[in-house]
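Asks: quick one, what's the 3D model for this:
(2 chains)
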There are 2 protein chains.
Amino acid sequence: MQTMQRTLIADTSKKIGEKVEISGWVDTKRDHGKITFIDVHDYTGTVQIVGAGEAIASLKPQYVVKVEGTVQKRPPQMVNKKIKTGEIEIKSHKLEVLAKSQELPFDMGAETLGLELPTLLDFRSLTLRHPKVKAIFKVQAKVLEGFRIAAQEIGCTEIVIPTIAVSATEGGAEVFKVDYYGRSAYLTQSPQLYKQMLIPVFERVFTVTKAYRAEPSVTTRHLSEVTQMDCEIGFVDFNDLLDLLEKVACQTIKYAESESKEDLDSLGHKKIAFGKIPRLTLREAQEIIKKEFKRDNTKEKDLTPQDETDLCRWAAGIHKSDFVTVTHFPTAAKPFYTEPDSENPKLSLSYDLLFRGVEVASGSQRINDYGELLASIKSRGMNPGDFEMYLMAFKYGMPPEGGFSFGAERITMNILGLSNIREASLFPRDMDRVDIRLSKVEKPK
Amino acid sequence: MQTMQRTLIADTSKKIGEKVEISGWVDTKRDHGKITFIDVHDYTGTVQIVGAGEAIASLKPQYVVKVEGTVQKRPPQMVNKKIKTGEIEIKSHKLEVLAKSQELPFDMGAETLGLELPTLLDFRSLTLRHPKVKAIFKVQAKVLEGFRIAAQEIGCTEIVIPTIAVSATEGGAEVFKVDYYGRSAYLTQSPQLYKQMLIPVFERVFTVTKAYRAEPSVTTRHLSEVTQMDCEIGFVDFNDLLDLLEKVACQTIKYAESESKEDLDSLGHKKIAFGKIPRLTLREAQEIIKKEFKRDNTKEKDLTPQDETDLCRWAAGIHKSDFVTVTHFPTAAKPFYTEPDSENPKLSLSYDLLFRGVEVASGSQRINDYGELLASIKSRGMNPGDFEMYLMAFKYGMPPEGGFSFGAERITMNILGLSNIREASLFPRDMDRVDIRLSKVEKPK
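Replies: From the prediction side, this is the model:
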């Protein structure tokens, strides 16, 4: 059977007067007596189809169609400047329904879906198709790509990190247990230990990988399964690390912003401020909170969510920067591999990067001395025997090194100003949901 | 304290007569009476350091050092053509040990390590540093990058796939069970169902993600945790799919080959043959096995490992191709979402891509009709209720579509002719090992 070659919708504008075949999904339908207009989209754009008869009149939203027709100029008063093919339309000669859709549970043609989060997620397979939901993940794809480009530019080699381990990475109880051939194993909480082990191999490494946290609470900023974008770099000191952290962060986000212009515009994007990023120690940051926002948190070991919001507001005002780097968190509050500051070992060479009110990256200079690392593990009541392969890397020559880790969902969330991180995950996992609400399907064991 | 700027070793050749500071690991040491020569490498190259005195004489392999010295031309008879900096050496003025190494358990300076696989893996943190082991993963990094470039070129959007699910993806018992907040969940066996659900969102998608198989056996081609590189594409028929499969495969592997020339040369690479890829149905392939290799497997539902090896040998000879595409596997032997061939529904529109004797990719045209898919799930004794979110994508308009999946470790293994897939995984997981041998650490529950 002879069939026409498919024309992508983005290319139809160039084919005025020509016969084309397009394929896609029906967005909307407008009946004007005998004439019916439908909007059809594929992954390259949207086009108006005009036709008469029952076939086109019986189409419904989300139907998948193949249309053969002639591209024609629209009358001037009918031009739609909102879409790229707005100067043309396709006069349908032949229409084939490739797949039908059941009645939709809500209006997918609305400008925004306007659904509550649980409904947005209950119907994830459908709601993701809405242009404003889809746009979030087109931006996210550019965040991932931007990160990889930035990491490669600073000389990092891509590595693949395992996600099943026999000991909990950084201590703590918030790990998912896996039945591993009848033995206990865990899902890694971060690629941390593995990326460090690879410093003596590649010197500079990056990975985009999964990290798992069995957080027993539901917050707007936490997921049980997240996408981490990590770098680890040998032969660096603390200042090098801060420079590299800020360079990779800005380059990643700038790339996503510039490559996603259309999608961001459709979401009402507020341009990101890339002024010189202020670097504050935790204590300095807390002094600013005290002075500017009248809250005395100077005795706290970390910033509160409100502190993070306020600090970013302060930086945006004073420094024209949507970012703030905060350093020197208490050593005791950081993981065992964090290097203490030699000038005051109670504080550590650690840092968080805040972006638009939320921590999107963290990292530190690491302990690279084998003896010191062993002592740190023991001092926290952990068993060095659980870290055999990790410690081996330090036994045989580990240079001064450090690194950082970005949360891809958090960056996406904050570029777009989403109020809940679940909106920045295609299929978010938390204690209440794995696609469907867990309460719906299964009883606790 | 004023310190010099670090010079990367690759850049030292350009600095004859200049004072430089380099950092890296000691590879080898040669004592010539009062004079000592050491080779030091960083991530950009290797350079010879020459010096006198106890500091340099006391260095050992894998020590991490910082050396200040003057770049000088080597005497003509001392030029080493094997390394890029072979025309120069650095005369050491000042030497600092940044980290020591314990005595090595084997000779890391040997041309090849020559260790048995269990030892290679027992000392993974160390053995990965050997140039010929490291080179495997530099090639692998290019495989991943090459795949992403190829997938983007055919219009795919990158997606992030969850790895925790509440039902076993494709049926079967070989799944890892996770304790998910007191409920049962599973590690996904493939990104299959999720990438299909995203066809009505992006039309063409790709992902590089983890897949888990609780294979209860130890073979040379299987791992418990693998890296899959997947594409899924809407509005395609079977021939389009075969074209895209072969295009993405060849482009990925060509990219890795051309970008890793030096590493491949060091590993004695045999150039890959990219002749026109023969496409055979399973039956045709079995006829070739029967005729050319005198084994009658024409009643088997799949190719045996020996069949795969022989078919590739046949294709390399006749077609100058290191690849063979095999299609039309029995429907009953393929997952429920595989589209049967309308001309003979007992055979399916499925395919495997063989590369140098091993299956490195597989895929199929999928069932896109909601009713047909529901019937297929039921006919296999599975419960449609376990696929609620997946089926939703088909309820609301799914076009004809299909896709394929590459195993990153298998491709790496076969580009390099490794005899065991574990050598192509930085930290391989199988039923006997998670970094360390499981028998060493833990008793079965």
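Asks: from here on, contacts and neighbour counts on C-alpha atoms
Replies: OK.
Asks: for the closest residue in space to A:I411 that isn't next to it in sequence, report the pLDDT, please.
Replies: Excluding its sequence neighbours, the residue lying closest to A:I411 (Cα to Cα, 6 or more residues apart in numbering or on different chains) is A:V360, at 5.9 Å. A:V360 carries a pLDDT value of 95.
Asks: and if you look at A:S379?
Replies: Value listed for A:S379 in the pLDDT field: 95.
Asks: what's the burial count for whichever residue of the stretch 51-200 of chain A sits closest to chain B?
Replies: With Cα to the nearest Cα, the shortest gap between the stretch 51-200 of chain A and chain B falls at A:S101, namely 4.0 Å. The tally of other residues near A:S101 (other Cα atoms under 10 Å in any protein chain shown) stands at 20.
Asks: now swap in A:L264 and tell me
Replies: Other residues close to A:L264 by other Cα under 10 Å number 22.
Asks: so it makes contact with A:E257?
Replies: Yes. A:L264 is within contact range of A:E257, at 7.4 Å (criterion: Cα atoms under 8 Å).
Asks: which neighbours do those two share?
Replies: A:V139 (Cα atoms under 8 Å, 6 or more residues apart in numbering or on different chains).
Asks: what helix or strand is A:D243 on?
Replies: A:D243 belongs to helix A:238-259 when assigned by DSSP states H and E.
Asks: quick one, grab the pLDDT at the residue nearest to A:G397 when sequence neighbours are not counted.
Replies: Residue nearest to A:G397 in three dimensions, not counting chain neighbours: B:S101, with 4.6 Å by Cα to Cα, 6+ apart. Per-residue confidence (pLDDT) for B:S101: 97.
Asks: report all helices and strands that the next helix or strand after the helix holding A:D243 contacts.
Replies: With elements assigned by DSSP H and E, the helix or strand that comes after helix A:238-259 is helix A:261-266. In this structure, helix A:261-266 makes packing contacts with helix A:131-153, judged by 3 or more Cα pairs under 8 Å, 6 or more residues apart in numbering or on different chains; DSSP states H and E.
Asks: give me every residue in the stretch 201-350 of chain A lying close to chain B.
Replies: A:201-204, A:214, A:216, A:225, A:227, A:235 (Cα under 8 Å from any Cα of the partner chain).
Asks: restricted to strands, list those.
Replies: A:204, A:225, A:227 (DSSP state E).
Asks: chain A - how does it break down into domains?
Replies: A:9-99, A:118-441 (automatic domain parsing).
Asks: as CSV, these with distance to B:I421 would be great.
Replies: Formatted as CSV, the domains of chain A follow (distance: least, Cα to Cα, whole Å):
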stretch, distance to B:I421
domain A:9-99, 37
domain A:118-441, 14
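Asks: tell me which of the ones you listed sits nearest to B:K15.
Replies: In terms of Cα to Cα, the element of the domains of chain A nearest to B:K15 is domain A:118-441, at 21.1 Å.
Asks: now the helices for chain A?
Replies: Here chain A has its helices, by DSSP state H, at A:54-57, A:117-122, A:124-127, A:131-153, A:192-197, A:199-202, A:238-259, A:261-266, A:282-293, A:305-319, A:370-379, A:388-395, A:408-416, A:438-441.
Asks: quick one: which of those helices is nearest B:Q62?
Replies: helix A:199-202 (8.8 Å).
Asks: by contact count, what packs against the closest one?
Replies: strand A:225-234.
Asks: quick check: A:E257 vs chain B, distance?
Replies: 16 Å (Cα to the nearest Cα, to the nearest Å).
Asks: got it, and A:A10?
Replies: 13 Å.
Asks: would you agree that residue is in contact with A:T44?
Replies: Yes. Applying Cα under 8 Å as the test, A:A10 and A:T44 come out as touching, 5.3 Å apart.
Asks: quick one, which of these two is more surrounded?
Replies: A:A10 (16 against 13).
Asks: pLDDT score assigned to the more buried one?
Replies: We have a pLDDT of 97 for A:A10.
Asks: distance of it relative to A:T28?
Replies: 18 Å (Cα to Cα, to the nearest Å).
Asks: strands of the stretch 1-150 of chain A, start to end?
Replies: A:19-32, A:35-42, A:45-52, A:64-73, A:88-99 (DSSP state E, counting those that start in this stretch).
Asks: will you turn those into CSV that also has mean neighbour count?
Replies: Output for these, formatted as CSV (neighbours: other Cα atoms under 10 Å in any protein chain shown):
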stretch, mean neighbour count
strand A:19-32, 21
strand A:35-42, 21
strand A:45-52, 22
strand A:64-73, 22
strand A:88-99, 20
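Asks: got these as JSON lines, with distance to B:V79 columns?
Replies: Formatted as JSON lines, those follow (distance: least, Cα to Cα, whole Å):
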{"stretch": "strand A:19-32", "distance to B:V79": "64"}
{"stretch": "strand A:35-42", "distance to B:V79": "61"}
{"stretch": "strand A:45-52", "distance to B:V79": "61"}
{"stretch": "strand A:64-73", "distance to B:V79": "68"}
{"stretch": "strand A:88-99", "distance to B:V79": "69"}
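Asks: could you dump these to TSV with distance to chain B?
Replies: Listed next are the strands of the stretch 1-150 of chain A as TSV, based on distance: least, Cα to the nearest Cα, whole Å:
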stretch	distance to chain B
strand A:19-32	7
strand A:35-42	7
strand A:45-52	11
strand A:64-73	6
strand A:88-99	5
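Asks: hmm, back to that, what residues are bridge-paired with the residue of the stretch 51-200 of chain A closest to chain B?
Replies: B:Y396 (DSSP bridges).
Asks: dump the residue contacts of it.
Replies: Contacts of A:S101 by Cα under 8 Å, 6+ apart are A:60-64, B:394-397.
Asks: go on, A:L391?
Replies: So A:L391 contacts A:370, A:374, A:384 (Cα under 8 Å, 6+ apart).
Asks: same check, this time on A:E89
Replies: Contacts of A:E89 by Cα under 8 Å, 6+ apart are A:47-50, A:71-74.
Asks: per-residue pLDDT of the closest residue to it other than its chain neighbours, please?
Replies: Closest residue in space to A:E89, ignoring its immediate chain neighbours: A:Q48 at 5.0 Å, by Cα to Cα, 6+ apart. On pLDDT, A:Q48 comes in at 97.
Asks: for A:Q48, give the beta-bridge partners.
Replies: A:D39.
Asks: of the residues of the stretch 201-350 of chain A next to chain B, buried ones?
Replies: A:201-204, A:214, A:225, A:227, A:235 (16 or more other Cα atoms under 10 Å in any protein chain shown).
Asks: of these, closest to chain B?
Replies: For those, the nearest to chain B is A:V201 (4.6 Å; Cα to the nearest Cα).
Asks: I'd like the distance between the closest one and A:T227.
Replies: 24 Å.
Asks: coming back round to it: just send the ones in strands among the residues of the stretch 201-350 of chain A next to chain B back as CSV, with pLDDT too.
Replies: Shown next, in CSV, are these (pLDDT from 0 to 100):
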residue, pLDDT
A:R204, 98
A:E225, 97
A:T227, 98
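Asks: can I get those residues in JSON lines with distance to A:H269?
Replies: Below are those laid out as JSON lines (distance: Cα to Cα, whole Å):
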{"residue": "A:R204", "distance to A:H269": "34"}
{"residue": "A:E225", "distance to A:H269": "27"}
{"residue": "A:T227", "distance to A:H269": "23"}
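Asks: which ones are touching A:G357?
Replies: A:305, A:308-313.
Asks: buried by neighbour count, from the residues you listed: which ones?
Replies: Buried among the contacts of A:G357 (16+ other Cα under 10 Å): A:308-313.
Asks: for stretch A:329-348, list the C-alpha coordinates in CSV.
Replies: C-alpha atoms of stretch A:329-348 as CSV (Å, rounded to 0.1, in the frame of the first residue of the first chain):
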residue,chain,number,x,y,z
PHE,A,329,28.3,24.4,58.7
PRO,A,330,29.1,22.7,62.0
THR,A,331,31.3,19.6,61.5
ALA,A,332,29.2,17.5,63.8
ALA,A,333,26.1,18.1,61.6
LYS,A,334,27.9,17.0,58.4
PRO,A,335,28.7,13.5,57.1
PHE,A,336,31.9,11.8,58.3
TYR,A,337,33.9,12.5,55.1
THR,A,338,33.6,16.3,55.5
GLU,A,339,36.9,18.1,56.1
PRO,A,340,37.0,20.2,59.3
ASP,A,341,38.3,23.7,58.9
SER,A,342,41.9,23.6,60.3
GLU,A,343,41.4,27.1,61.8
ASN,A,344,38.3,26.0,63.7
PRO,A,345,37.7,22.2,63.5
LYS,A,346,34.2,22.6,64.9
LEU,A,347,33.2,24.1,61.6
SER,A,348,33.6,22.3,58.4
